[in-house]
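> Prediction below, plus the sequence it came from.
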Amino acid sequence: MELFRSVRLRLGNSILEKRKSRTRRNTGYSGMNKVRKIGIVWDASRTEDFSTLSKFHQQMGERGIDVKILGYYGGKELPVKYTAIRFLSIIRRNELSFLHIPKSTEADVFTRTGFDILIDMNFDHIFPLVFITALSAAVFKVGLFGSETDSATFDLMMEIKKPVQADHYLDQIIHYLEMINSGLTSKADNQ
């Protein structure tokens, strides 16, 4: 069964590579003060991250930034806390094609949305989320540095000790994006 799954994933990756080669996106970053829309791709099986994401949504809302989160949950029963939340959409296993490619309306809309920043919180490299991140029309993509990561997908990569804590990861992303915004550099850069 695992062999059959890996063959399907390889075929899905092949389709992703073909679509990526045909996809063009405008890239750039003009500072946190100009950001109006942030998209987050999240592994929703990490239920412990939900409160951190809700807090982040609220903090960004106070700054006038709209945050949309698209999660993937592969479990059988969707946690009740994920339902009826306007800023959160969850795709499930039954919304994937035979090759593990997302086929839901939510995934299509999210992928086509030109977010100012896309934050990838897919720490375990789950293929449906890799697919969405790679094809996203977001202007600036931020993700975790790692050996499994296709570095061409991201405009900024964060290297953080594992296990990755969602609150620390999001804090670091905002910290560095604000540094880029203000033109500040670290001491190491000045030496």
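Sure, I can see it.
> Which helix runs longest in this protein?
Assignment by DSSP state H gives helix 2-22 as the longest helix of the chain.
> Check which helices and strands it sits against.
With contacts taken as 3 or more Cβ pairs under 8 Å, 6 or more residues apart in numbering; DSSP states H and E, helix 2-22 sits against helix 127-135. All C-beta spots, glycine's among them, are computed from the backbone N, C-alpha and C.
> The helix it packs on versus helix 2-22: what angle between them?
10 degrees (axes from the mean of the first three to the mean of the last three Cα atoms, to 10 degrees).
> what does the average pLDDT come to for the helix or strand following helix 127-135?
Counting by DSSP states H and E, the next helix or strand C-terminal to helix 127-135 is strand 141-144. In this model, strand 141-144 carries a mean pLDDT of 92.
> Summarise which helices and strands strand 141-144 is packed against.
Secondary-structure packing of strand 141-144 (3+ Cβ pairs under 8 Å, 6+ apart): strand 117-121, strand 156-158, helix 166-182.
> what's the most buried one of the ones you listed?
Scoring the helices and strands packed on strand 141-144 by mean neighbour count under mean count of other Cβ atoms under 10 Å gives strand 117-121 as the most buried, with a mean of 27.
> Just checking the distance from it to the centre of its chain.
With Cα atoms, centre = their mean, to the nearest Å as the basis, strand 117-121 stands 4 Å off its chain's centre.
> With just CA atoms, put that strand into CSV.
This file holds the C-alpha atoms of strand 117-121, laid out as CSV (Å, rounded to 0.1, in the frame of the first residue of the first chain):
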residue,chain,number,x,y,z
ILE,A,117,2.8,37.6,1.9
LEU,A,118,2.3,33.8,2.0
ILE,A,119,3.5,32.1,5.2
ASP,A,120,4.1,28.3,4.8
MET,A,121,3.5,26.4,8.1
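> Give the pairing partners of that strand; include direction for each.
Strand 117-121 has the following sheet partners, assigned by DSSP bridges: strand 37-43 (parallel), strand 141-144 (parallel).
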